[in-house]
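Participant: Let me see the structure of the following:
(3 chains)
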Amino acid sequence: MYELFKNLGGWLTSGEQWAGPDGIATRLAEHLQYSLLATLVAAAIGLPLGLLIGHTGKGAFVAINLSSFGRALPTVGLVVLVFLASGLSMWPVYVALVALAVPALVTNTYAGMTAVDPDVKDAARGQGMRGHQVLLQVELPLALPLIMTGLRLALIQVVATATIAAYVSFGGLGRYVFDGLAQRDLVQVMGGAVLVAVIAVALDVTLAALQRFLFRHRTA
Amino acid sequence: MNRRTLLGGLFAAASVPALSACSSGITSLDGEGTTTSGGGSSKGGLTIGTANFTENQVLGYLYAAVLDAVGVKTTVRPNLGTREILIPALKGGDIDLLPEYQGALLHYLDPKAAATEEGEMQNSLAMALPASLQVLPYGLAEDSDAFAVTRETAEKYGLISLADLKKHNGKLVIGAAAEVKARQVGAVGLKDVYGVEFKEFKSLDSSGPLVKGALKKGDIDVANLFTTDTDIQANGWVVLTDPKNLIPGQHVVPLIADRKADSTVRKALAGLGNVLTTADLTELNRQVDKDKKDPEDVARAYAQQKGLVK
Amino acid sequence: MTIDWSWISGHTDDLTTLTVSHLQAALSAVLLGLLISLPLAVVAHRVRPLRGFLLGLSNVLFTIPSIAVFVLLLPVSGLTRTTTVIGLTIYTLVVLLRNTVEGLDSVPTRTKEAAKAMGTRPLRTLLTVEFPLALPVIMAGVRIATVMSISLVSVATYIGDGGLGQLFTDGFQRNFPTPVIVGVVLTLLLAVVADALLVAVQYVLTPWTRRRA
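Facilitator: Purely as a prediction, here's the structure:
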């Protein structure tokens, strides 16, 4: 065990390991690219959907069930299915990652919207605000903390799961995990896993800081 | 009678007499072990592990079919991964028997191994294996690694043999299973023996959908495939010749844990090895990959057809 | 992308075996996860300084890719079911631990004090008062953990296990969509049925929560 950690230290700190087209720097950038793009697309789908359901109150049943349905969807199966349909491309990776992130975003956005005090909404309408003004100026800001929670949860899951890109021949930190499995090189596997965990935690901390910054004027 | 195993036996007797006292059984004339270390028993049944590609699963189920026929209970565990995963599992006792390939196995055990002739390799294998494992006599069927390019690539770069790749060092991309990157019969050997350096090594799979898809699409220039893959012919791909014999002979050979190797198992597997040809194996692979038949059904039907199973 | 129906009808036995094996792996992981989480949650609930550490640890474990966990367990437990179950258990902890702690937190202090005043011993209070009152929140965690595990089992196909996940690698290697589609559908069905059963279990276990008609 000690040996493994010592080798891991060497692996993570070797300059040679960081450089080149299959170096850690490239893999890290690829991993971030897959994760951030997928989360962004998922947000573009999930946020409006959650806001709409929360604002209109229609489709709540869908929102609630979507979350458990989404959690049950096996990522490996989805990746393979899209691979068989689309051939060798990035589609399988992005479809699977977006499908993973959307439910968390929809349900948290919806939850944030339902948590908004109905009296506040009534008051806003009473002041003559229109539907979309209530949504954008009252409900959205109040729902934002829970929306951010959903975004953070989605991002963590996407970062951990973006490993799967390596299964269908692409890069990212999953390369180390899958190649390490094939070569039974545990140091490489562990190195990949540690890096994934580090960027997941780092992104989460960044979003948490952003969240605090955005709500710094608000007294809880 | 299998001439190659006979030669192997003579070679063994001549070159490694000192080993006869302690080595595992390495050769036989008729499937009965002649130099076994004994003590193995298949009474409790055995678990057959197979690697993550079609052919290995077909072989695993063929082993199961002939062993079941002689009353040895078997469990087949398909798709366990690569040799790098399987051999530790064999040592650790998770599995007991594994369809292997002579040259690839030898290079895994001893990357510096020089043997290329079947009998020689069989002896080197016996020496390189830990005491707890042994190889049984190898069969007729052979499945080598091949490095193939599309016809267009071959014409464009003037590629006929592996040696021609050197002219384009730093320009071509090779695609193979991840483990091939660190293997002698792979990126390492191509560099050592032919001085070939690729622009990039793409980790794909073992003659599977990724490597073939990438070759078709032009994502890679050179693909590591298996010679028993019918897609090579179907697509008109060019297999580069190997003038310096980097790629060793790859006869199918059962690798078994010593604790399970008894004469019943030896006899049954030798019977299969002496019947199953490369052409047969290629056809069985095709039935699984193209006709989408189960490897288990394909194997059983073959064993029945050849009278290996009643 | 056509479905080969004859493949499905010809493989009902295999599909049953894989489904049972899949469910067994997921349920073992949730049970093991509960065995670990319940005592740890009591510790996290009572010993404030440990709370952040334990919850934080389970969060960090959650960020490690599951495939890596399975591979790293190979030297310990080999190519066995044990590897699959241990790996899955790690991921159940994040939900089970947090929900159990939150459930215990939600028990009103007055209730605990009343139990104490009646001379009930602490362990007895924990088992007969606190856990039952925390049950709805714990069960919500169990439901999430179960569904998550059912979806995650298939990752173990990379180490030769994985229940229905084997259909994914098989279909992938042979460019054969039918097993993959069947695998995805069965996984979803399994999750829906398991979730519904857990709702029923919760209904039976917590009669005091069904006041409203």
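Participant: Report the distance from the least confident helix or strand in chain A by mean pLDDT to the chain centre.
Facilitator: Within chain A, no helix or strand scores below helix A:60-72, which has a mean of 79 by mean pLDDT, DSSP states H and E. With Cα atoms, centre = their mean, to the nearest Å as the basis, helix A:60-72 stands 17 Å off its chain's centre.
Participant: Over to stretch B:106-121?
Facilitator: Centroid separation for stretch B:106-121 versus its chain: 13 Å, with Cα atoms, centre = their mean.
Participant: can it be found next to chain A?
Facilitator: No: Stretch B:106-121 does not reach chain A (Cβ under 8 Å from any Cβ of the partner chain); its nearest approach is 10.6 Å. Heads up, the C-betas are built off the backbone N, CA and C, glycines and all.
Participant: how about that stretch as CSV, C-alpha atoms only?
Facilitator: Extracted in CSV, the C-alpha atoms of stretch B:106-121 (Å, rounded to 0.1, in the frame of the first residue of the first chain):
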residue,chain,number,x,y,z
LEU,B,106,5.2,-15.8,-23.3
HIS,B,107,5.9,-12.1,-23.9
TYR,B,108,3.6,-11.2,-21.0
LEU,B,109,5.6,-13.5,-18.8
ASP,B,110,9.0,-12.6,-20.2
PRO,B,111,9.2,-9.6,-22.5
LYS,B,112,12.7,-10.6,-23.5
ALA,B,113,11.8,-14.0,-24.6
ALA,B,114,13.4,-15.0,-27.9
ALA,B,115,11.6,-18.2,-28.7
THR,B,116,9.5,-18.1,-31.9
GLU,B,117,9.1,-21.8,-32.8
GLU,B,118,6.0,-23.4,-31.2
GLY,B,119,7.8,-26.2,-29.4
GLU,B,120,10.5,-23.8,-28.2
MET,B,121,7.8,-21.4,-27.0
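Participant: which residues in chain C form helices?
Facilitator: C:5-10, C:12-46, C:48-62, C:66-77, C:81-105, C:109-117, C:122-125, C:131-152, C:165-174, C:177-205 (DSSP state H).
Participant: what packs against the shortest one?
Facilitator: In other words, helix C:122-125. Applying 3 or more Cβ pairs under 8 Å, 6 or more residues apart in numbering or on different chains; DSSP states H and E, we find helix C:122-125 packed against helix C:109-117.
Participant: Next, the buried residues of the helix it packs on.
Facilitator: Judged by neighbour count using 16 or more other Cβ atoms under 10 Å in any protein chain shown, the buried positions of helix C:109-117 are C:112, C:115.
Participant: hey, which of the helices of chain C is tucked in deepest?
Facilitator: helix C:165-174 (a mean of 25; mean count of other Cβ atoms under 10 Å in any protein chain shown).
Participant: Run a quick neighbour tally on C:Met1.
Facilitator: 9 (other Cβ atoms under 10 Å in any protein chain shown).
Participant: Correction: the previous question concerned B:Val275.
Facilitator: Using other Cβ under 10 Å, B:Val275 has 18 neighbouring residues.
Participant: Now the least confident helix or strand of chain A: buried residues?
Facilitator: The neighbour-count check on helix A:60-72 (16+ other Cβ under 10 Å) flags A:63, A:66-72 as buried.
Participant: how many degrees apart are the helix or strand following that helix and helix C:131-152 in direction?
Facilitator: Proceeding N to C from helix A:60-72, the next assigned helix or strand is helix A:75-86, under DSSP states H and E. Helix A:75-86 and helix C:131-152 are oriented at 30 degrees to each other (axes from the mean of the first three to the mean of the last three Cα atoms, to 10 degrees).
Participant: Helix A:75-86: how far from the chain's middle?
Facilitator: 19 Å.
Participant: My read is that A:Leu51 contacts A:Thr109, right?
Facilitator: Yes: with contacts defined as Cβ atoms under 8 Å, A:Leu51 counts as touching A:Thr109 at a distance of 6.0 Å.
Participant: Output the contacting helices and strands for the helix or strand B:Leu67 falls within.
Facilitator: For B:Leu67, the element it lies in under DSSP H and E is helix B:54-69. Judged by 3+ Cβ pairs under 8 Å, 6+ apart, the packing partners of helix B:54-69 are strand B:46-49, strand B:74-77, strand B:97-101, helix B:263-273, helix B:278-289, helix B:295-305.
Participant: Quick one: the helices in chain B, in order.
Facilitator: Under the criterion DSSP H, chain B contains helices at B:3-15, B:54-69, B:83-92, B:102-109, B:118-128, B:151-157, B:189-194, B:209-217, B:231-234, B:263-273, B:278-289, B:295-305.
Participant: Show me what from chain C comes close to chain B.
Facilitator: Contacts of chain C with chain B, taken as Cβ under 8 Å from any Cβ, map to C:4, C:7, C:11, C:74, C:78-80, C:157-160, C:166, C:169-170, C:172-176, C:178.
Participant: What about chain A: which of those residues touch it?
Facilitator: C:74, C:157-159, C:169, C:172, C:175-176.
Participant: Need these in CSV (columns: pLDDT).
Facilitator: Converted to CSV, those look like this (pLDDT from 0 to 100):
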residue, pLDDT
C:Leu74, 93
C:Thr157, 96
C:Tyr158, 94
C:Ile159, 94
C:Thr169, 95
C:Phe172, 94
C:Asn175, 92
C:Phe176, 95
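Participant: Looking at the residues you listed, which is nearest A:Ser14?
Facilitator: Nearest to A:Ser14 among those, counting by Cβ to Cβ, is C:Leu74 at 24.0 Å.
Participant: The closest one against C:Ile159, yeah?
Facilitator: Yes: using Cβ under 8 Å, C:Leu74 is in contact with C:Ile159, at 7.0 Å.
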